[in-house]
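Asks: 3D model of this:
(one chain, ligands or ions: 2)
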Amino acid sequence: MGAVALSVAFDTDPGIDDALALILALRSTELRLALVTTVAGNGPLEMTTRNAVRVLEYLGAAHVPVAAGAATPIRRPFHGALGYHGPDALGQLMLPEGRAQIELRAACDLLFDFAAAAPGERTLIATGPLTNVALAFQRHEDMPSLLKEVVIMGGAFQLTRFGTGNQTPYAEFNIWQDPDAAHLVFRSGVPMTIVGLDVTNDPSSALDATDLARLRESNSRTAALASDLLEYALRQHDYCFMHDPLALATILDPSLFEFTEGEVDVVTRDDEERGRTFLVPSAPSSNQRRTARIARSIDGPRFKELFLSRVLEA
Ligand code: RIB
Ligand code: CA
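Replies: Residues are numbered from 1 along each chain as shown. Ligands and ions are numbered 1, 2, ... in the order given. Predicted coordinates for the structure are as follows:
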């Protein structure tokens, strides 16, 4: 009897690497993708929502419910990242428009229902700004206690030489976009695994032209989609950094990583350190501190083999 698949929800801002993470999730039998909620981040909300629907439908997963969440951060203006992800935030892929109707209910309520349906057993994977997660925790105060964990792609903790910012010298994009949301989630008491630029900006875990050639050898729809996404990213850069698939990989094979445990927080001031994440020096006597698992190393070649083999699997 195989193990029961872990029910996961994705809160995401597709986004090239978000789409690659959705591909990996759908190719991983350990998981059941129960819900996708979208947030403004790499692109405006209507773009990230359209992209989530298009990718799921292209991959034969139109049954997965999609709900649109927040169009702006909790209290700051929205700033996209179309320069990297393309004018459609998805590498200008000519995917067919999705036909599926998105959910009419609020994303934060659907996220709560997802968690409450099996207390302590379900995982939320957040690969965009944390606005939806924070709003869900604000509206449903018991939600942090209902989740098995939240896996977050976000932050830069100076745990490696790669652990500095990509939006500013100090701050990673997702956290910088909505630092107030990140602060609320970090302090909520929800169990967290955090994957920051410390490991995701490590070129050993990024895909390159050799990996693209390997993907192109397959004519499967999944490999074709992954190849087109990768090809767009490689037009501008030597590497396609796998920020969001790496967050998912902490569930699929934790042995790929080494982790540091600690309490985390974020700068919410509107100065040059906005969005900077850091480990809080914990008072030894305190037993109230909430610790997170923060990734501090990655076995890049083994991660890449995990991703490529699952995409290429017949
Ligand atoms: O900083 C990288 C993160 O910001 C990734 O999740 C990418 O998709 C963007 O959302
Ligand atoms: Ca993302």
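
Asks: can you pull out the strands in the stretch 101-250 of the chain?
Replies: 123-126, 149-153, 192-195 (DSSP state E, counting those that start in this stretch).

Asks: how about the residues of the stretch 1-150 of the chain near ligand 1?
Replies: 13, 15, 17-18, 41-42, 127-128 (C-beta under 6 Å from any ligand atom). Yep, even glycine has a C-beta here, placed from its N, CA and C like the rest.

Asks: for PyMOL, what selects the buried ones among those residues?
Replies: This is the PyMOL syntax for the buried subset of these, where burial follows 16 or more other C-beta atoms under 10 Å:
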select buried, resi 13+15+17+18+41+42+127+128
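
Asks: picking that back up, can you add mean neighbour count and mean pLDDT and give the strands of the stretch 101-250 of the chain back as TSV?
Replies: Converted to TSV, these look like this (neighbours: other C-beta atoms under 10 Å; pLDDT from 0 to 100):
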stretch	mean neighbour count	mean pLDDT
strand 123-126	26	98
strand 149-153	25	98
strand 192-195	24	98
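
Asks: now tabulate those in CSV and tack on distance to Ala249.
Replies: As requested, these are exported to CSV (distance: least, C-beta to C-beta, whole Å):
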stretch, distance to Ala249
strand 123-126, 11
strand 149-153, 10
strand 192-195, 8
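
Asks: can you say which of the ones you listed is nearest to Pro87?
Replies: For Pro87, the closest of those is strand 149-153, at 23.1 Å, according to C-beta to C-beta.

Asks: roughly how far is that closest one from the heart of the chain?
Replies: 8 Å (C-alpha atoms, centre = their mean, to the nearest Å).

Asks: check which residues of the top strand by length along the chain are buried.
Replies: Of all the elements of type strand in the chain, the one with the most residues (DSSP state E) is strand 257-266. Of all the residues in strand 257-266, those buried under the rule 16+ other C-beta under 10 Å are 257, 259-260, 262-264, 266.

Asks: circling back: reformat the strands of the stretch 101-250 of the chain as TSV; add distance to ligand 2.
Replies: Below are the strands of the stretch 101-250 of the chain laid out as TSV (distance: least, C-beta to the ion, whole Å):
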stretch	distance to ligand 2
strand 123-126	9
strand 149-153	6
strand 192-195	11
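
Asks: thinking again about what came up before, what packs against the longest strand of the chain?
Replies: helix 179-186, strand 192-195, strand 277-280, strand 292-298 (3 or more C-beta pairs under 8 Å, 6 or more residues apart in numbering; DSSP states H and E).

Asks: do the helix or strand encompassing Phe10 and ligand 2 meet at all?
Replies: For Phe10, the host element (DSSP states H and E) is strand 6-12. No - Strand 6-12 stays clear of ligand 2 (C-beta under 5 Å from the ion), getting no nearer than 6.1 Å.

Asks: and the helix or strand following that strand, anywhere near ligand 2?
Replies: Note on strand 6-12: by DSSP H and E, the next helix or strand toward the C-terminus is helix 16-26. Yes - for helix 16-26 and ligand 2, the contact criterion (C-beta under 5 Å from the ion) is met by Asp18.

Asks: and the angle from helix 16-26 to strand 149-153?
Replies: 140 degrees (axes from the mean of the first three to the mean of the last three C-alpha atoms, to 10 degrees).

Asks: what does the helix or strand just after helix 16-26 contact?
Replies: Next along the chain after helix 16-26, taking DSSP H and E as the criterion, comes strand 31-38. Outside of strand 31-38, the residues that reach it under the criterion C-beta atoms under 8 Å, 6 or more residues apart in numbering are 5-14, 22, 25-26, 45, 48-49, 52, 56, 61, 64-69, 107, 110-111, 114, 122, 128, 132, 251-252.

Asks: buried subset of those residues as a ChimeraX selection?
Replies: Of the contacts of strand 31-38, the buried ones go into a single ChimeraX selection, burial set by 16+ other C-beta under 10 Å:
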select :6,7,8,9,10,11,12,13,14,22,25,26,45,48,49,52,56,61,64,65,66,67,68,69,107,110,111,114,122,128,132,251,252
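
Asks: interface residues of the protein facing ligand 2?
Replies: Residues of the chain lying near ligand 2 (C-beta under 5 Å from the ion): 13, 15, 18, 127-128, 244.

Asks: take the buried residues of strand 257-266 and write them to TSV, including pLDDT and distance to Ile294.
Replies: Output for the buried residues of strand 257-266, formatted as TSV (pLDDT from 0 to 100; distance: C-beta to C-beta, whole Å):
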residue	pLDDT	distance to Ile294
Phe257	98	10
Phe259	98	6
Thr260	96	5
Gly262	94	6
Glu263	95	10
Val264	96	7
Val266	98	13
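
Asks: between those, which sits nearest ligand 1?
Replies: Within these, the smallest distance to ligand 1 is 13.9 Å, found for Val266 (C-beta to the nearest ligand atom).
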